[in-house]
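Quick one, what's the 3D model for this:
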Amino acid sequence: MAQGCTHVAELHSVQPRSTQGCEECLKTGGRWVHLRMCLTCGHIGCCDSSPGRHATAHFRESRHPLIRSFEPGEDWAWCYVDRVTLEPAPRPA
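Numbers count the residues shown, from 1 in each chain. Okay, the predicted model is just below:
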């Protein structure tokens, strides 16, 4: 268990589903501030500072617990369920 997160053990290797930006914003012409990648399926969504808050919406729909920053130079993750930041972001075993 990493820093109070009970979901790190469930990680497996995933690839981003989009490298162009937030999947939903790209479809609707929306804009984003920062990007987050789901560590369960690779969904790319925008952060909670963005108008769409698509990363959080993805969690609410999918219940996938972990995201990581998809910003260059950032290495952290967030667990929605345990409400904890993980630095550095966990890697699959």
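
Please enumerate the strands of the protein.
Applying DSSP state E to the chain gives strands spanning 35-38, 44-46, 66-69, 77-79, 84-86.

This structure: helices as residue ranges?
Along the chain, counting by DSSP state H, helices occupy 23-28, 54-62.

tell me what the first one is packed against?
Using 3 or more CB pairs under 8 Å, 6 or more residues apart in numbering; DSSP states H and E as the contact definition, the elements that helix 23-28 packs against are strand 44-46, helix 54-62. C-betas here are computed from N, CA, C, even on glycine.

Keeping just the C-alphas, turn it into PDB.
Only the C-alpha atoms of helix 23-28 are listed here, as PDB (Å, rounded to 0.1, in the frame of the first residue of the first chain):
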ATOM      1  CA  GLU A  23     -11.000  13.100 -25.100                       C
ATOM      2  CA  GLU A  24     -14.300  14.800 -24.400                       C
ATOM      3  CA  CYS A  25     -13.100  18.300 -25.000                       C
ATOM      4  CA  LEU A  26     -11.700  17.300 -28.300                       C
ATOM      5  CA  LYS A  27     -15.100  15.900 -29.300                       C
ATOM      6  CA  THR A  28     -17.000  19.000 -28.100                       C
END
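
what does stretch 86-93 contact?
2-3, 5, 8-9, 11-13, 39, 66, 68-69, 75-79 (CB atoms under 8 Å, 6 or more residues apart in numbering).

follow-up on the earlier one: please tabulate the helices and strands packed on helix 23-28 in TSV, including the columns mean pLDDT.
Listed next are the helices and strands packed on helix 23-28 as TSV, based on pLDDT from 0 to 100:
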stretch	mean pLDDT
strand 44-46	98
helix 54-62	98
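
who wins for proximity to residue 84 among the ones you listed?
Counting by CB to CB, residue 84 lies closest to helix 54-62 out of these; the figure is 14.0 Å.

so what's the residue nearest in space to the middle of the chain closest to, chain neighbours aside?
Closest to where the C-alpha atoms of the chain average out (CA atoms, centre = their mean) is residue 67, at 2.6 Å. Nearest residue to residue 67, sequence neighbours excluded (CB to CB, 6 or more residues apart in numbering): residue 36, at 4.3 Å.
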